[in-house]
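Colleague: please work out how this folds:
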Amino acid sequence: MAKHIHTGKTGEALGIAWLLEKGFIIKEKNWRHSHWEVDTIAEKDTVLHFIEIKTRRSRKFGFPEETVGKKKIQNLINAAEEYLHQYPQWQRIQFNILSILLIKDEPVEYFFIEDVYL
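Modeller: Just a heads-up that it's a prediction; the model follows:
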């Protein structure tokens, strides 16, 4: 398995554990429709959260959240629209980014960006 794929899978597992610790209820992991994917769909306080999890092993090329651009946010929105079409009971939604830094010999760093929009 390529190192970046392993990093991503590790980050997603750590992200799920972190979200659970913070009181989120995980509804879906890696939910797909067509060519769109949402890393995690979770519920907390009657809000449905569409969460993009980004992980890096160094700061050399910037922080993980900096890789989430306009196109990625639009894809997240498109996927959310389809999810809400399938599960229309949700009244409140939110888009979030969970940034994770895995630097050797340092504690894992989590940075949660709530209510992201274009």
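
Colleague: just want the most central residue of the chain.
Modeller: Central residue of the chain (Cα atoms, centre = their mean): Glu52, 2.1 Å from the mean position.

Colleague: which non-adjacent residue is nearest that residue?
Modeller: Of all residues not flanking Glu52 in the chain, Ile97 sits nearest, at 5.0 Å (Cβ to Cβ, 6 or more residues apart in numbering). Every residue, glycine included, has its C-beta placed from N, CA and C.

Colleague: circling back to that earlier point, what about the residue nearest to the centre of the chain, distance to Ile26?
Modeller: Shown here: Glu52 relative to Ile26, a distance of 15 Å by Cβ to Cβ, to the nearest Å.

Colleague: show me where the protein has its strands.
Modeller: 25-33, 36-44, 47-56, 93-101, 109-113 (DSSP state E).

Colleague: could you export those as CSV, including distance to Tyr83?
Modeller: Below are the strands of the chain laid out as CSV (distance: least, Cβ to Cβ, whole Å):
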stretch, distance to Tyr83
strand 25-33, 7
strand 36-44, 7
strand 47-56, 8
strand 93-101, 9
strand 109-113, 20
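
Colleague: what does stretch 19-29 contact?
Modeller: With contacts defined as Cβ atoms under 8 Å, 6 or more residues apart in numbering, stretch 19-29 is touched by 12, 16, 38-44, 48-49, 51, 83, 98, 112.
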